[in-house]
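Student: build me a structure from this.
(one chain, ligands or ions: 2)
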Amino acid sequence: MFAIATIAEEILDLKKRRRAILLAHHYQEPEIQELADVVGDSLELARKARDFSGDVIAFCGVWFMAETAKVLNPNRIVVVPDREASCSLVESCPVEPIREFRGKHPDHAIVSYINTSIEVKAESDILCTSRNAVKVVNSIPPEQPILFLPDRNLGNYVRKETGRENMQIWQGSCIVHATFPARKVAEARAEHPDAMVVAHPECPEPVLAMADFIGSTSAIIEWCAASDAPEFIVMTESGVNYSLARVAPHKRFYFVANENCNCSECPYMKLNTLEKLRDCLTSLEPRVELSEEIMRRALTPLERMLAVK
Ligand code: 13P
Ligand code: SF4
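Tutor: Ligands and ions are numbered 1, 2, ... in the order given. Okay, here's the model as predicted:
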């Protein structure tokens, strides 16, 4: 009798044979995070992708993150379990109006959130993630006008934190975070009066105004682990519960549903499944393929971001 390998065993075997690394964003399904070599936020995963010296990067996240990995480490094969794993922020920001803006406002620095297409990155002066957006904007001379894109909530948060007046903000939004209703956060606070509220900066301003801590996915996890508080209302995608439970098993975490789905899940992130991960490691498809030219142009703003301390 032959033992039937589980999908997880198949993936681990393929990973070895392909000399692959599995990078997973915090919003992936727990069974994917379980198998990953690294679980992290978009900045941490970009750094890990850049430093990898094997053959294949299996990027369990969304497509723009995998494109970033390819630009930072162009000699590796980069695959994603599902080609349709996009992001509403990427979709809210096509490249043509950005090129037009650049033509009309050559004096503006274009600061793009990493949640953008490779074409938009290539038009940008510097990139940022939710973890370093304030530092990135502060690294630009104060007299230089800025176009910040595409997330309006992150942009407003950065403007408030930096006091930067000469900053125009694109009006894109995340379908998960932008639809967290402040009313539901207030209800959760009334139900759990001792809980701290932690929020991702893509949340709307009235939600951020109730937060005790605002930060990227990994920053939220680190803050909750270090805090003395025993319970937290977590205003981001519920996939972070995997790491929260690991780093703070005795604390309680409450998630607030958004208006769209009565859940707090990113439908793009959740397109990736274990089966699709196994299949992409087998066929090495869907694979990120980018022209030399676009990679060269996108690398400059990415490297500028990574150089910001
Ligand atoms: P992080 O940079 O915090 O990982 O966020 C990425 C993202 O897509 C948030 O919705
Ligand atoms: Fe994009 Fe929002 Fe999903 Fe993050 S949670 S990948 S910003 S749609």
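Student: any idea of the pLDDT on A178?
Tutor: A178 carries a pLDDT score of 96 in this model.
Student: the chain should start at 22 in everything you say after this.
Tutor: Okay, using 22 as the starting number, the last item reads as A199.
Student: shouldn't it be in contact with H221?
Tutor: No. The criterion here is Cβ atoms under 8 Å, and A199 misses it with H221 at 10.5 Å. Backbone N, C-alpha and C define where each C-beta goes, glycine included.
Student: looking at the two, which has the bigger crowd around it?
Tutor: With neighbours defined as other Cβ atoms under 10 Å, A199 and H221 compare such that H221 has more, 28 against 20.
Student: residues touching that one, list them.
Tutor: Contacts here follow Cβ atoms under 8 Å, 6 or more residues apart in numbering; on that basis H221 touches S151, H198, I235, G236, S237, T238, I241, M256, T257, E258.
Student: and if you look at V329?
Tutor: So V329 contacts I147, N153, K156, V157, S160 (Cβ under 8 Å, 6+ apart).
Student: tally up the residues packed near the third one, please.
Tutor: By that I understand K156. 15.
Student: I'd like the distance between it and ligand 2.
Tutor: 20 Å (Cβ to the nearest ligand atom, to the nearest Å).
Student: and the closest residue to that residue other than its chain neighbours, its phi and psi?
Tutor: Counting by Cβ to Cβ, 6 or more residues apart in numbering, V329 is the residue found nearest to K156 once chain neighbours are left out, at 5.3 Å. V329 adopts backbone torsions of phi -70, psi 120, taken as degrees, to the nearest 10.
Student: on the pLDDT front, check V329 for me.
Tutor: 96.
Student: restrict the contacts of H221 to those near ligand 1?
Tutor: Of the residues in the contacts of H221, proximity to ligand 1 by Cβ under 6 Å from any ligand atom holds for S151, S237, T238.
Student: find the nearest non-adjacent residue to the first one, please.
Tutor: Think S151. Closest residue to S151 in three dimensions, ignoring its sequence neighbours and counting by Cβ to Cβ, 6+ apart: S237, at 4.1 Å.
Student: tell me the contacts of that neighbour?
Tutor: Neighbouring residues of S237 by Cβ under 8 Å, 6+ apart: D62, S63, L64, T150, S151, R152, H221, P222.
Student: the last one against G236, yeah?
Tutor: Yes. The pair P222 and G236 qualifies as a contact (Cβ under 8 Å) at a distance of 7.4 Å.
Student: and the residue in the stretch 222-330 of the chain that ligand 2 sits nearest to, which of the three is it?
Tutor: Ranked by Cβ to the nearest ligand atom, the top residue of the stretch 222-330 of the chain for proximity to ligand 2 is C287, at 3.3 Å. With DSSP: H, G, I helix; E, B strand; the rest coil as the basis, the three-state label of C287 is coil.
Student: so how far is P163 from it?
Tutor: According to Cβ to Cβ, to the nearest Å, C287 stands 35 Å off from P163.
Student: repeat for L302
Tutor: 48 Å.
Student: okay, the two: which has more neighbours?
Tutor: Neighbour tally, L302 and P163, criterion other Cβ under 10 Å: the higher count belongs to L302, 22 against 11.
Student: can you tell me the closest non-neighbouring residue to that one?
Tutor: L35 (4.0 Å).
Student: that neighbour contacts L43, correct?
Tutor: No. With contact defined as Cβ under 8 Å, L35 does not count as touching L43 (9.9 Å).
Student: of those two, who's got more company?
Tutor: L43 (23 against 19).
Student: please name the residues that touch L323.
Tutor: Contact partners of L323, counting by Cβ under 8 Å, 6+ apart, are A67, T89, V92, L93, K142, L148.
Student: ah, wrong one, I meant R40
Tutor: Contacts of R40 by Cβ under 8 Å, 6+ apart are G75, D76, V77.
Student: cool, and K36?
Tutor: I42, L43, A79, L302.
Student: got the residues of this protein near ligand 2?
Tutor: Those residues of the chain that sit near ligand 2, judged by Cβ under 6 Å from any ligand atom, are 83, 108-110, 136, 195-198, 223, 258, 287, 289-290.
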